[in-house]
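Enquirer: got a sequence here, can you build the structure:
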Amino acid sequence: MSSNDSPRVSRRGFLAGTAAAAATAAVPALTQRAAADSAAAVAARPNILLIVTDDQPKQTEWALPRTVDWLAGHGVRFTHGHVTTPLCSPSRSSVLSGQYAHHHGVRNNGASYQLDQNTTLQRYLKQAGYRTGLFGKFLNSWTLAQNPPHFEDFALLQPGYVDARWNVNGTVQTINGYTTEIIKNRTLNFLDKAASDDRPWFAYVTPYASHGPRTPEAKYAGTAVPEWNGRPSVPEADRSDKPAYVQNATGTLADGRRIRAEQGRVLRSVDDAVQAFKDRLTALGQLDNTLVIYIADNGFGWADHGWTKKSVPYRPAHEVPFYLSWPAGGLGAGTTDDRIVANIDIAPTVLDAAGVVPGHAQDGRSLLTSYSRDHLLVEFWKQGTAAGGPPTWSSYVAKNKQYTEYYDLTTDADGKVSGTGRLKFREYYDLAGDPHQLKNSLHQATPQDEQNLGIPALAAQLAADRAA
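Expert: Modelled structure (predicted):
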């Protein structure tokens, strides 16, 4: 996937770099290595706290001040965080497996059972002696009464905000109250067991926020949000260079403002939960050696190009907030990382930190190495043949450009693909000069224009990525 496949360094080698940077650049190399070895020993078998929110766009940090202060201000903020399929179940399956959707098979929200549960983080960590817990949403179309595999403690949510249905350790029941608060308390109970159980633990925490209907907790129902006057893509005056479904989109600035405000209010409860986790880890003496990762399963449009959903190849849909903190691993100083990173990198990172070698091929790479990709494959499949909505597409995403192809392909409820595969439409954006993707440079482009833009090479690379 990369033309810049840097040699893989061990977690210990990565810690050498981070420990040295945190200390002083003038320390001799051998001293740095000794300090790193010591840090690696301390950081052996960290606890894992993985938080995955729902439909949260990247530009929502104002709603999560304490989360950002902890995980970005005292950890790492990834400035180019993405998901490889901007749709809930495919993305979550990529988080847990480290694979693209075209490999794990969950190509749409109806195909959750295509994920091989033996390739998941929870399976590998439980097998390695970790205590495992799930609190919140699992996979779309997963049957509530069916226990999620490889979790020994779980409160599985049937998506909702108030008085929802749950499967709590095998018992399906209604629990009254606000679901983010319930998820917080269940997670805290799981963390508390560390006082009497010395096994390292993995907590997979997945609140429903900020998915629609975006019902806020009562105390945040009237919370004011920062003023927002849109961005150049909201609305886009001329969409004649866009595919038909975008030309037909009807979202307005008012719609974008409403969605943004509603998302911010429900995320305030997530911020409360994350702060509670930090406080409890501090009280337990486990804050330093807990690897915390925060990501959204996809972004969301605030009427960009008229679109008020996800599933599209535009930046608001596949760019997401992405933070990591692990003080004992040298990742607690508050830094930024501008590599192109994605949800497929989470499972390799966690397993690398835990010293676990997966038994299946992963598409992602550990973020604890120096690996840096020059572009990312992002992909989406249309489910069913009904008119409307985005067709199946795939996209080459780099920091400075994006090339997208749409195809005559659809999937059934099990994710099986059919169709001619015919190329239906193409887009190319110069993200350096056109970050809001207003001008599709392939609209009315000549063959020479395409050559000048490097389209043949991009198309060839995209084809190779899809086939890999």
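Enquirer: on the three-state scheme, the nearest residue to Arg315 once chain neighbours are set aside is what?
Expert: Distance criterion C-beta to C-beta, 6 or more residues apart in numbering; nearest residue to Arg315, sequence neighbours excluded, is Gln437 at 6.5 Å. In this view, the C-beta of every residue, glycine as well, is placed from N, C-alpha and C. Secondary structure assignment for Gln437 (DSSP: H, G, I helix; E, B strand; the rest coil): coil.
Enquirer: state the mean pLDDT of whichever strand or helix holds His102.
Expert: Using DSSP states H and E, His102 sits in helix 101-104. In this model, helix 101-104 has a mean pLDDT of 98.
Enquirer: same for the helix or strand just after it, what does it pack against?
Expert: Downstream of helix 101-104, the first helix or strand assigned by DSSP H and E is helix 121-127. Judged by 3 or more C-beta pairs under 8 Å, 6 or more residues apart in numbering; DSSP states H and E, the packing partners of helix 121-127 are helix 88-97, strand 131-136, strand 201-206, helix 346-354.
Enquirer: determine which stretch of these is the most buried.
Expert: helix 88-97 (a mean of 29; mean count of other C-beta atoms under 10 Å).
Enquirer: elements contacting that helix?
Expert: Helix 88-97 packs on strand 47-53, helix 101-104, helix 121-127, helix 346-354, going by 3+ C-beta pairs under 8 Å, 6+ apart.
Enquirer: quick one: closest of those to Gly73.
Expert: Closest to Gly73 of those, according to C-beta to C-beta: strand 47-53, at 16.1 Å.
Enquirer: got a list of what the residue nearest to Arg315 touches?
Expert: Contact analysis of Gln437 by C-beta atoms under 8 Å, 6 or more residues apart in numbering lists Ser233, His305, Tyr314, Arg315, Gln402, Glu427, Tyr429, Leu431.
Enquirer: now distance to Gly177 too, for the helices and strands packed on helix 88-97, in TSV please.
Expert: Formatted as TSV, the helices and strands packed on helix 88-97 follow (distance: least, C-beta to C-beta, whole Å):
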stretch	distance to Gly177
strand 47-53	19
helix 101-104	34
helix 121-127	26
helix 346-354	29
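Enquirer: could you list the domains of the chain?
Expert: For the chain, automatic domain parsing gives the domain ranges 46-374, 392-467.
Enquirer: tell me the most buried of these?
Expert: Highest mean neighbour count among these (mean count of other C-beta under 10 Å): domain 46-374, with a mean of 20.
Enquirer: so how far is that domain from its chain's centroid?
Expert: Centroid displacement of domain 46-374 relative to its chain, using C-alpha atoms, centre = their mean, to the nearest Å, is 6 Å.
Enquirer: compute the inter-axis angle for the lengthiest helix in the chain and strand 201-206.
Expert: The longest helix of the chain (DSSP state H) is helix 253-284. Calculated by axes from the mean of the first three to the mean of the last three C-alpha atoms, to 10 degrees, helix 253-284 forms an angle of 160 degrees with strand 201-206.
Enquirer: show me what helix 253-284 is packed up against.
Expert: Judged by 3+ C-beta pairs under 8 Å, 6+ apart, helix 253-284 is in contact with strand 47-53, helix 65-71, helix 179-192, strand 290-296.
Enquirer: would you reformat these as a markdown table and include mean pLDDT?
Expert: What follows is those, written out as a markdown table (pLDDT from 0 to 100):
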| stretch | mean pLDDT |
| --- | --- |
| strand 47-53 | 98 |
| helix 65-71 | 98 |
| helix 179-192 | 98 |
| strand 290-296 | 98 |
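Enquirer: out of these, nearest to Ser395?
Expert: Closest approach to Ser395 among the helices and strands packed on helix 253-284 (C-beta to C-beta): strand 290-296, 18.2 Å.
Enquirer: roughly how far apart are the nearest residue to Tyr323 once chain neighbours are set aside and Asn109?
Expert: Ranked by C-beta to C-beta, 6+ apart and with sequence neighbours excluded, the top spatial neighbour of Tyr323 is Leu71, at 3.7 Å. Leu71 sits at a distance of 28 Å from Asn109 (criterion: C-beta to C-beta, to the nearest Å).
Enquirer: next one: phi and psi at Gly98?
Expert: phi 80, psi 20 (degrees, to the nearest 10).
Enquirer: what score does it have for pLDDT?
Expert: Gly98 is assigned a pLDDT of 98 by the prediction.
Enquirer: isn't it up against Leu367?
Expert: No: counting by C-beta atoms under 8 Å, Leu367 is not a contact partner of Gly98; they are 11.5 Å apart.
Enquirer: residues shared between the contacts of those two?
Expert: Asp345, Pro348.
Enquirer: quick one: residues contacting Ala347.
Expert: Taking C-beta under 8 Å, 6+ apart as the test, what Ala347 contacts is Val95, Leu96, Ser97, Gly98, Thr120, Leu121, Pro358, Gln362, Gly364.
Enquirer: got CSV for those residues, with distance to Thr410 too?
Expert: Compiled in CSV, these are given as follows (distance: C-beta to C-beta, whole Å):
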residue, distance to Thr410
Val95, 25
Leu96, 25
Ser97, 23
Gly98, 26
Thr120, 27
Leu121, 30
Pro358, 31
Gln362, 27
Gly364, 27
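Enquirer: which among those gets closest to Pro216?
Expert: The nearest member of the contacts of Ala347 to Pro216, counting by C-beta to C-beta, is Val95 at 25.7 Å.
Enquirer: correct me, but the closest one touches Thr53?
Expert: No: at 11.5 Å, Val95 does not count as touching Thr53 under the criterion of C-beta under 8 Å.
Enquirer: find residues that contact each of those two.
Expert: In terms of C-beta under 8 Å, 6+ apart, Val95 and Thr53 are both contacted by the residues Ile295, Asp297.
Enquirer: on that earlier part again, let's have the helices and strands packed on helix 253-284 in CSV, adding distance to Ser418.
Expert: Below are the helices and strands packed on helix 253-284 laid out as CSV (distance: least, C-beta to C-beta, whole Å):
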stretch, distance to Ser418
strand 47-53, 30
helix 65-71, 42
helix 179-192, 37
strand 290-296, 30
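Enquirer: export stretch 390-403 to CSV, keeping only CA atoms.
Expert: Presented in CSV, the C-alpha positions along stretch 390-403 are these (Å, rounded to 0.1, in the frame of the first residue of the first chain):
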residue,chain,number,x,y,z
PRO,A,390,-23.8,6.8,-3.5
PRO,A,391,-22.8,4.0,-5.9
THR,A,392,-20.0,1.7,-5.0
TRP,A,393,-16.7,3.6,-5.1
SER,A,394,-13.0,3.4,-4.2
SER,A,395,-10.5,6.2,-3.6
TYR,A,396,-6.8,6.9,-3.5
VAL,A,397,-6.3,9.3,-0.6
ALA,A,398,-3.1,11.2,-0.1
LYS,A,399,-2.4,14.4,1.9
ASN,A,400,-2.3,16.5,-1.2
LYS,A,401,-4.7,14.8,-3.6
GLN,A,402,-7.6,12.4,-3.9
TYR,A,403,-8.7,10.3,-6.9
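Enquirer: chain center to that stretch, what's the gap?
Expert: Going by C-alpha atoms, centre = their mean, the spacing between the C-alpha centre of stretch 390-403 and its chain's C-alpha centre is 17 Å.
Enquirer: quick one on the thing from earlier: export the helices and strands packed on helix 121-127 to a markdown table and tack on distance to Pro456?
Expert: Output for the helices and strands packed on helix 121-127, formatted as a markdown table (distance: least, C-beta to C-beta, whole Å):
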| stretch | distance to Pro456 |
| --- | --- |
| helix 88-97 | 29 |
| strand 131-136 | 45 |
| strand 201-206 | 42 |
| helix 346-354 | 32 |
